[in-house]
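Peer 1: Pasting a predicted model and its sequence here:
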Amino acid sequence: MSARRSSSTRRAPAAIPEHMLEPGYFTELIRRHNWPPMFESRIDAQASRDAHLRGAAAIAHRERQAKDGIGWGTGTSVMPNTPGNPRPAWMVRSAA
């Protein structure tokens, strides 16, 4: 006889409770006890915001280029020395 379990004896997985943690829950002890001593966050909120805005501007610029069919925004690039695109003068063939 095999020691196979019957499907009727299996339990349903336990439901995972949804906990809502308030902001700062994981850093509360750090702030309360000043540990590590003199801890200062290296995250600059303004620099992070500026980087996000620059990224959003870059995405918008790329989308405008794709709509106009120019630049790298089209998703294609010209490969030199392929049919219809002769190789540039600086590209030389090796002697081997």
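Peer 2: Great, that's in hand. Residues are numbered from 1 along each chain as shown.
Peer 1: what number of residues lie near the residue lying closest to Met79 once chain neighbours are set aside?
Peer 2: Of all residues not flanking Met79 in the chain, Asn85 sits nearest, at 6.4 Å (Cβ to Cβ, 6 or more residues apart in numbering). Just so you know, the C-beta spots here come from the backbone N, C-alpha and C atoms, and that holds for glycine as well. Using other Cβ atoms under 10 Å, the number of residues around Asn85 comes to 10.
Peer 1: With Arg62 instead?
Peer 2: 15.
Peer 1: Now do it against Arg54, distance only.
Peer 2: The gap separating Arg62 from Arg54 is 13 Å, by Cβ to Cβ, to the nearest Å.
Peer 1: ditto for Ala60
Peer 2: From Ala60 to Arg54 the distance is 11 Å (Cβ to Cβ).
Peer 1: what do you get for Asp68?
Peer 2: Relative to Arg54, and taking Cβ to Cβ, Asp68 is found at 21 Å.
Peer 1: what's the answer for Arg32, then?
Peer 2: 36 Å.
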